[in-house]
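Trainee: sequence? don't have it. structure:
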């Protein structure tokens, strides 16, 4: 009887631990701060902040180390698009406190695997109906440069008439 109770307790503990998954990723903090790209008249500023974010995955909470971001794109002294003023707002901790309009960038290090030097996520194209672009970033070992690449998902512009991409499809950001 005592053995059955111990087995039952172990099964309950295993069930609880397997339902609450977490990919907390302390290395993601190295990417916080301002990043900049300058090429002729074009200037892109990206500001990133890290915070663990919890979502419900089929009813189970999953916590992921997330980089939240904002960007500003200028041609000369003209601001083409920007939500940079929001960069110091309170960060969401879960899906119920998330408001999409407060951010333009959401990034993660897949499975917190830093050996691949890769960050993935998305950016909202503020000038193109906030259409989401898929972002893949490769970073150097000292975390001072990000090679940013973005592309459209399939179905881009369907039903809303948005065309093109405001930011370049590829650029290199340098930590400021």
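Mentor: Good, I have the coordinates. What you see is a predicted model; the values in this text were computed from it and never measured.
Trainee: Look at the nearest residue to residue 82 once chain neighbours are set aside and give its secondary structure.
Mentor: Using C-beta to C-beta, 6 or more residues apart in numbering and skipping the chain neighbours, the partner closest in space to residue 82 is residue 72 (3.9 Å). C-beta: built from backbone N, CA, C; applies to glycine. For residue 72, the secondary structure call by DSSP: H, G, I helix; E, B strand; the rest coil comes out as strand.
Trainee: ditto for residue 91
Mentor: Under three-state DSSP, the three-state class of residue 91 is coil.
Trainee: hang on, it packs against residue 68?
Mentor: Yes: with contact defined as C-beta atoms under 8 Å, residue 91 reaches residue 68; the gap is 5.6 Å.
Trainee: hmm, back to that, tell me how far the residue nearest to residue 82 lies from residue 116.
Mentor: For residue 72, the distance to residue 116 equals 29 Å [C-beta to C-beta, to the nearest Å].
Trainee: Between these two, tell me which one has more neighbours.
Mentor: residue 72 (20 against 11; other C-beta atoms under 10 Å).
Trainee: ok, the closest residue to residue 84 other than its chain neighbours - contacts?
Mentor: Distances taken as C-beta to C-beta, 6+ apart put residue 72 closest to residue 84, at 4.1 Å, once the chain neighbours are dropped. Contact partners of residue 72, counting by C-beta atoms under 8 Å, 6 or more residues apart in numbering, are 43, 44, 45, 79, 81, 82, 83, 84.
Trainee: Now do the residue nearest to the first one when sequence neighbours are not counted: how many residues are near it, please.
Mentor: So that's residue 43. For residue 43, ignoring the flanking residues on the chain, the nearest one in space by C-beta to C-beta, 6+ apart is residue 74 at 4.5 Å. Look at residue 74: counted by other C-beta under 10 Å, it has 16 neighbours.
Trainee: is residue 74 in a bridge, and if so with what?
Mentor: Under the criterion DSSP bridges, residue 74 forms beta bridges with residue 43, residue 79.
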